[in-house]
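> Make a model of this:
(4 chains)
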There are 2 protein chains.
Amino acid sequence: MKFEAITIKDIAKALGLSTSTVSRALRDSYEISPETKQKVLLYAKENNYRPNPIALSLKEKRSSSIGVLVCEIANSFFSQAINGIESVAQEKGYNVIIAQSKEDFEKEISSLQYLASRSVDGIIFSVSAETSDFSHVQQLYGRGMNMVSFDRVVDFPDIHKVSVDNYKAAYEATTHFIKNGFSNIACIANAAYLSITKERVEGYTAALRDHNIKLDPNNILYCLHGGLIYEEVAEIMSHAMNSKQKPDAILACSDKITTNVMRYCQQQNIAIPKQLGLVGFSNLDLTDLLAPSLTVVSQPAYEMGRIAAELLIKQIESKRPIKEFEDVVLATELHQRASSEKKKAKL
Amino acid sequence: MKFEAITIKDIAKALGLSTSTVSRALRDSYEISPETKQKVLLYAKENNYRPNPIALSLKEKRSSSIGVLVCEIANSFFSQAINGIESVAQEKGYNVIIAQSKEDFEKEISSLQYLASRSVDGIIFSVSAETSDFSHVQQLYGRGMNMVSFDRVVDFPDIHKVSVDNYKAAYEATTHFIKNGFSNIACIANAAYLSITKERVEGYTAALRDHNIKLDPNNILYCLHGGLIYEEVAEIMSHAMNSKQKPDAILACSDKITTNVMRYCQQQNIAIPKQLGLVGFSNLDLTDLLAPSLTVVSQPAYEMGRIAAELLIKQIESKRPIKEFEDVVLATELHQRASSEKKKAKL
DNA sequence: GCATTTTACGCAAACGATACCGGTATAAAT
DNA sequence: ATTTATACCGGTATCGTTTGCGTAAAATGC
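Numbers count the residues shown, from 1 in each chain, chains lettered A, B, ... in the order given. Below is the predicted model:
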């Protein structure tokens, strides 16, 4: 079955006009008489005429659609970000085409290829946990695709970037632990290559250093697959908790890692925060209802999405190539709750 | 800036052939010599040629894209469902364009219009909480748009539908309450017009009837805006909990209502399940970690998305109009946890 | 050796909309 | 009466791709 819409030709035929006249009448050109205009406009309205966007796209060489590549939609951070992207896109007459990498490098490449081959006008992307080599991105970008790097940003300079101050976020979270009497704090981070991982780990180590706590390298733990599957996190936790120098607190550096750490603790009957303090990065809106209520670092995901979309669309609609690139860095929020409550007084 | 891709014309010019020859060589037509074919294929591969989907769309009168209309992306049920839709779409070479109604009737109409005007080949939709009149859907469907009704299904017969057995889900949840000694069970449902609301309320009332509990009409409460905003739920809860016959248990009939009821109870220091039992519809994957762990009815959202996408694509690709319409009804799962624990023995 | 078939390719139309380049009719100016 | 201006509208190329038709050259048949 096909959905047949009325075309400019149908109007022309019905009214005994040429397609060019109809086109001009619809676009309110000065060289069409008011009577003809009205006839055309009326007929168009009555028959619910909509210009065929595909024909427009072919002619204008633009599709008025933007691609979004994230690792997973069903993740509170990304779904909120997509929400923000979608709101701006809708305002500006673009539609949003989504693709998921599932934290898989190959799927990321094919997804980008897919979006590019679908003639999107631009792409907002967050790289997968497996991605250490950005040449596929650089190649696409170099060939003229409009792109905005988002959340997990790439390391080359001439591109718009939207992210949060991960260094500060981790620094504050770690400091919060220290102030509450935790000292042997482990950091479970995402894959080591990611910008967000590097920055968060740096913030974590800096906070320890600034408070004269010696860093135990074994306390920095990486999830190669972004903690997407429970087993990955469980194994890391199990290893950490069975070591001699077992940590008294965990800084979980992603949404998925956070919930999986909690799940592990519940299954192993590890009391939070008594036996183990926990602060997690999370954008879920019910972390305050968890047992115990969870201290979280939350990101302005919706706002990030909006800004990324605005930058991208501005770039798409710019007449000349962009020379000045934005590096937008937003602030996170630390919500202090029960999962990191005071262990003992310290300073 | 524009992303310029190589076209069939470029290949033709480079190789001194006509576009038709190149086109046929790429499609492996028998009327092209093996040598020419190889030359073309090689050149195409080297220059990373991809057929322009927009030109194809214009010619074939199909866009190989499907629209998805949900009330909100940032909702675990819908993001999981979109996940399922996206996986099937990817397999079959379609892309997914998303639109949100935000539970708003006007936005639902404009979103559908938007999707239709973007030349999607079909639409999977779940109506908004405000939607009681389906004529806009019926009109679009009647004009030949392929559509699959999903989750909150419409009431006309000749359309594919994918939903869950809401009657049974609510019946089981209510029975579970009764078996655990709760008797004055309130049901906070979505907007009254929605299929899911009607079915869930019916299941609820049937369970009461079958267990010889008299139904108090005041115990059926509706959220006109789907419980999207906290205040809506808080007001309903406040009214219920301050009534003479205040309920000893709540059946929360949607994701948002469930979390907002929990939030209300926490703020008002209402102990669950001691003062108030709670069972909620929810697709969050960490309801077991809430305080108290939450008894939930979960839906196979991913699977629903997959099935809906498969039905839609089958319909799109069908040569003749579909005569037989599927009404797929999947089972929900009741996860019994602490929030609805035994109050006193009964039976 | 001529007629016929086969092979291999080019030409042009079509999809829907736009825009440049025209053209015609009426009216006004010379 | 002829030119000129103005108002209004049509023809056609274009975007990238496919496809029916046409046709030259090569291959085959007798």
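> from here on, contacts and neighbour counts on C-alpha atoms
Will do.
> hang on, isn't residue A:191 packed against residue A:130?
Yes - using Cα atoms under 8 Å, residue A:191 is in contact with residue A:130, at 6.9 Å.
> For the residue of the stretch 101-250 of chain A found nearest DNA strand D, which residues are in contact?
For the stretch 101-250 of chain A, the residue closest to DNA strand D is residue A:117, as judged by Cα to the nearest atom of the strand, at 9.8 Å. Residue A:117 makes contact with B:50, B:51, B:52, B:53 under the criterion Cα atoms under 8 Å, 6 or more residues apart in numbering or on different chains.
> Give me the neighbour count for the second one.
Close neighbours of residue B:51, defined as other Cα atoms under 10 Å in any protein chain shown, add up to 16.
> Quick check: closest non-adjacent residue to it.
residue B:7 (7.2 Å; Cα to Cα, 6 or more residues apart in numbering or on different chains).
> Run a quick neighbour tally on residue A:214.
For residue A:214, using other Cα under 10 Å, the count is 12.
> In three-state terms, label it for me.
coil (DSSP: H, G, I helix; E, B strand; the rest coil).
> so what pLDDT did it get?
Note on residue A:214: pLDDT of 94.
> gap between the nearest residue in space to it that is not next to it in sequence and residue A:182?
Nearest non-adjacent residue to residue A:214, counting by Cα to Cα, 6+ apart: residue A:208, 6.8 Å away. Going from residue A:208 to residue A:182 by Cα to Cα, to the nearest Å gives 11 Å.
> Comparing these two, which shows the higher neighbour count?
More crowded of residue A:208 and residue A:182, by other Cα under 10 Å: residue A:182, with 24 against 20.
> what helix or strand is that one on?
Counting by DSSP states H and E, no helix or strand carries residue A:182.
> quick one: the helices in the stretch 101-250 of chain A?
With DSSP state H, counting those that start in this stretch as the criterion, the stretch 101-250 of chain A has helices at A:105-117, A:135-142, A:166-179, A:195-210, A:230-241.
> Using a markdown table, please lay out these together with mean pLDDT.
Output for the helices of the stretch 101-250 of chain A, formatted as a markdown table (pLDDT from 0 to 100):
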| stretch | mean pLDDT |
| --- | --- |
| helix A:105-117 | 90 |
| helix A:135-142 | 92 |
| helix A:166-179 | 97 |
| helix A:195-210 | 97 |
| helix A:230-241 | 95 |
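> Would you mind finding the most buried of these?
Stretch with highest mean neighbour count among the helices of the stretch 101-250 of chain A: helix A:166-179 (a mean of 24; mean count of other Cα atoms under 10 Å in any protein chain shown).
> Give me every residue in the stretch 101-250 of chain A lying close to DNA strand C.
Within the stretch 101-250 of chain A, no position is adjacent to DNA strand C by Cα under 7 Å from any atom of the strand.
> How about the residues of chain A by DNA strand D?
A:16-22, A:30-34, A:36-37, A:55, A:58-59, A:61.
> restrict those residues to contacts with DNA strand C.
Near DNA strand C, by the rule Cα under 7 Å from any atom of the strand, you find A:19, A:20, A:55, A:58, A:59 out of the residues of chain A next to DNA strand D.
> Can you turn the buried part of those residues into a PyMOL selection?
Restricted to buried positions by 16 or more other Cα atoms under 10 Å in any protein chain shown, the PyMOL selection for these reads:
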select buried, chain A and resi 19+55+58
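> Sitting in helices, which of the ones next to DNA strand C among the residues of chain A next to DNA strand D do you find?
A:19, A:20, A:55, A:58, A:59 (DSSP state H).
> out of those, who's nearest DNA strand D?
So of those, ranked by how close each gets to DNA strand D (Cα to the nearest atom of the strand), first place is residue A:59, at 3.6 Å.
> nearest residue to residue A:240 other than its sequence neighbours?
residue A:246 is the one closest to residue A:240 (Cα to Cα, 6+ apart), at 5.9 Å.
> Make sure the one you found is actually in contact with residue A:238.
No - Residue A:246 sits out of contact with residue A:238 when judged by Cα under 8 Å, with a separation of 10.1 Å.
> For the closest residue to chain B within chain A, list each beta-bridge partner.
When scored by Cα to the nearest Cα, chain A has residue A:290 as its residue closest to chain B, at 3.9 Å. Residue A:290 has these beta-bridge partners by DSSP bridges: residue B:290.
> Name all residues that make contact with the residue positioned nearest the centre of chain A.
Nearest to the mean C-alpha position of chain A, by Cα atoms, centre = their mean, lies residue A:78 at 4.8 Å. Residues near residue A:78 by Cα under 8 Å, 6+ apart: A:70, A:72, A:301.
> switch the cut-off to 7 Å
residue A:70 (Cα atoms under 7 Å, 6 or more residues apart in numbering or on different chains).
> and if you look at residue A:198?
By Cα under 7 Å, 6+ apart, the neighbours of residue A:198 are residue A:192.
> ok, now how distant is it from residue A:153?
11 Å.
> need the residues of chain A near chain B, please.
Within chain A, the positions near chain B by Cα under 7 Å from any Cα of the partner chain are A:1-3, A:50, A:53-55, A:57-58, A:73-74, A:76, A:79-80, A:83, A:95-98, A:117-118, A:143-145, A:289-291, A:316, A:318-321.
> one step back: the residue nearest to the centre of chain A in helix, strand or coil?
Classified using three-state DSSP, residue A:78 is helix.
> what about residue A:165, neighbour count?
18.
> pretty sure it is touching residue A:333, no?
No - Residue A:165 is not in contact with residue A:333 according to Cα atoms under 7 Å; the separation is 10.2 Å.
> Tell me which stretches of chain A form strands.
A:65-70, A:95-100, A:122-125, A:146-150, A:160-164, A:185-189, A:220-222, A:249-252, A:277-281, A:295-298, A:327-330, A:333-335 (DSSP state E).
> Export the ones you listed as TSV, with columns for mean neighbour count and mean pLDDT.
Below are these laid out as TSV (neighbours: other Cα atoms under 10 Å in any protein chain shown; pLDDT from 0 to 100):
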stretch	mean neighbour count	mean pLDDT
strand A:65-70	26	95
strand A:95-100	24	91
strand A:122-125	27	97
strand A:146-150	26	96
strand A:160-164	25	97
strand A:185-189	26	97
strand A:220-222	19	95
strand A:249-252	27	97
strand A:277-281	28	97
strand A:295-298	25	97
strand A:327-330	15	98
strand A:333-335	16	97
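> Test my guess that residue A:84 contacts residue A:305.
Yes - in this structure residue A:84 lies within contact range of residue A:305 using Cα under 7 Å: 4.5 Å.
> Excluding chain neighbours, what is closest to residue A:151?
Leaving aside its sequence neighbours, residue A:151 is closest to residue A:163 (4.6 Å, by Cα to Cα, 6+ apart).
> Over to residue A:108?
residue A:101 (4.6 Å).
> Please apply the same query to residue A:342.
Closest to residue A:342 by Cα to Cα, 6+ apart is residue A:180, at 4.3 Å.
> Can you give me the neighbour number for the one you found?
Neighbour tally, residue A:180, other Cα under 10 Å: 18.
> try residue A:217
Counted with other Cα under 10 Å, the neighbours of residue A:217 add up to 10.
> In terms of pLDDT, where does it sit?
For residue A:217, the predicted pLDDT is 93.
> any idea how far residue A:232 is from it?
From residue A:217 to residue A:232 the distance is 19 Å (Cα to Cα).
> for the closest residue to residue A:255 other than its chain neighbours, what are its contacts?
Of all residues beyond its chain neighbours, the one nearest residue A:255 is residue A:282 (4.5 Å), with distances taken as Cα to Cα, 6+ apart. Contact analysis of residue A:282 by Cα under 7 Å, 6+ apart lists A:254, A:255, A:296, A:297, A:298.
> Need these in TSV (columns: distance to DNA strand C).
Formatted as TSV, the contacts of residue A:282 follow (distance: Cα to the nearest atom of the strand, whole Å):
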residue	distance to DNA strand C
A:254	46
A:255	45
A:296	50
A:297	48
A:298	44
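> what's the closest of those to residue B:65?
Of all the contacts of residue A:282, residue A:255 has the smallest distance to residue B:65: 30.6 Å, by Cα to Cα.
> The closest one touches residue A:281, doesn't it?
Yes - counting by Cα under 7 Å, residue A:281 is a contact partner of residue A:255 at 5.5 Å.
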